[in-house]
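Trainee: For reference, the sequence and a predicted model appear below.
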Amino acid sequence: MSYYNDKTVIYLNGSFVKATDANTDLYSQSLHYGYAAFEGIRAYKTHNGTRIFKAKAHFERLKRSCELAHIPFTWDIDQLIRETYKILSLNNLNDAYIRPLVFCGANMTLSAPKSVSIMICAWEWGAYLGHKQLKVGLSSYQRPNPKSIPIDAKISAHYVNSILATTEATKNGYDEALLLDMHNNVAEAPGANVFIEKNGKLYTPPLGHILPGITRATVIGLCKTLDIECIEKVLSVDELKEADSAFFCGTAAEIAGIESIDGVKYPVKWPDSVGATIQRTYKALVLEKQNYEVII
Ligand code: PMP
């Protein structure tokens, strides 16, 4: 997949520059130590034009990630949202994935950054249909101990854990991994949160050992609208395996049904699951379709 070409424009520290002209310092703390914060945002082509879904929530999380990691964040969020819409229009993008990254300048010490930059890039990302259900394997890797690193921040270095888990899962023939936390309770996927369905109710792990997903919060909100009971509680591996159905959710994954865990299939067929209802409703929401409750 090619993320840019010689016409692509990115936003870098207040300017719009060609991706092929932009560069960074090889002595950057971010490159050497993973000391950076980022976001993953989606834009959708809706009948109201190109719309960035939950733009403010994402940039606010970026700011909070920086604060939790002691990386200075000096930018105005509304301004960054305007610049992001400009990036989309300069690159003629409608359905797109947007990647803001706050990164640090040259500093080989383990002390506070000497300088901080922001870049925002975007590339085309067609609508994910979400028809394929995932074969998921429980990972031998755990999510990091929240006392070793602020797990609720989207820090670049955390994603080594995610890459290890996904690589292991695909090597073992699974589509994706599911990681437990340090207490061996269900945590999250390498880049998505998880929900299970049991007796018509949804359950999801509470905050504490997971990234507070913006899609997760959206799903919890949709449950209120749809009058589906949704409970945040610590989930054991047994509860995960004895569920009726399950799904991942995230900006990139949207709502993705899980077919099986460690080869054991969920008994409720995806189209009959609560997750499938959430999937249809979520899609209507991001596409700004009117009366989305009535469509289901
Ligand atoms: N957990 C992790 C580890 C993630 O990387 C992501 C993707 N940002 C999520 C959950 C889902 O978060 P969101 O819904 O905000 O994309």
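Mentor: That came through, no problem.
Trainee: Number of residues surrounding whatever residue of the stretch 51-200 of the chain ends up closest to the ligand?
Mentor: In the stretch 51-200 of the chain, the residue that lies nearest the ligand is G191 (3.9 Å; CB to the nearest ligand atom). Any C-beta I mention is one placed from the backbone N, CA and C, and that applies to glycine too. Using other CB atoms under 10 Å, G191 has 20 other residues around it.
Trainee: before we move on, what about V234?
Mentor: The number of residues packed near V234 is 14, by other CB under 10 Å.
Trainee: And for L101?
Mentor: 18.
Trainee: Locate it within the secondary structure: which element?
Mentor: In this assignment (DSSP states H and E), L101 forms part of strand 96-104.
Trainee: Just checking that strand against the ligand, any contact.
Mentor: No. Using CB under 6 Å from any ligand atom, strand 96-104 stays clear of the ligand, coming no nearer than 10.7 Å.
Trainee: The residue of the stretch 51-200 of the chain closest to the ligand is in contact with A253, isn't it?
Mentor: Yes. If you go by CB atoms under 8 Å, G191 and A253 touch, sitting 7.1 Å apart.
Trainee: rewinding a little: mind exporting the strand holding L101 as PDB, just the C-alpha atoms?
Mentor: C-alpha atoms of strand 96-104 as PDB (Å, rounded to 0.1, in the frame of the first residue of the first chain):
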ATOM      1  CA  ALA A  96      -9.900   8.800   4.300                       C
ATOM      2  CA  TYR A  97      -7.800   7.700   7.300                       C
ATOM      3  CA  ILE A  98      -6.200  10.700   9.100                       C
ATOM      4  CA  ARG A  99      -3.000  10.300  11.100                       C
ATOM      5  CA  PRO A 100      -1.900  13.200  13.400                       C
ATOM      6  CA  LEU A 101       1.400  12.600  15.100                       C
ATOM      7  CA  VAL A 102       3.100  14.700  17.800                       C
ATOM      8  CA  PHE A 103       6.800  13.900  17.800                       C
ATOM      9  CA  CYS A 104       9.900  15.100  19.500                       C
END
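Trainee: After it, which helix or strand is next?
Mentor: strand 116-124.
Trainee: strands paired with that next one, and their directions?
Mentor: Its sheet considered, strand 116-124 pairs with strand 9-12 (antiparallel), strand 96-104 (antiparallel) by DSSP bridges.
Trainee: mind checking which of these is nearest L31?
Mentor: When the strands paired with strand 116-124 are ranked by proximity to L31, the top entry is strand 96-104, at 8.1 Å, counting by CB to CB.
Trainee: And that closest one, what's buried?
Mentor: Using 16 or more other CB atoms under 10 Å as the test for burial, strand 96-104 gives 96-104.
Trainee: pLDDT on that strand, on average?
Mentor: In this model, strand 96-104 has a mean pLDDT of 98.
Trainee: the helices in the chain, which residues?
Mentor: 29-33, 55-68, 77-90, 159-171, 214-226, 237-241, 274-286, 292-295 (DSSP state H).
Trainee: That'll do, ta.
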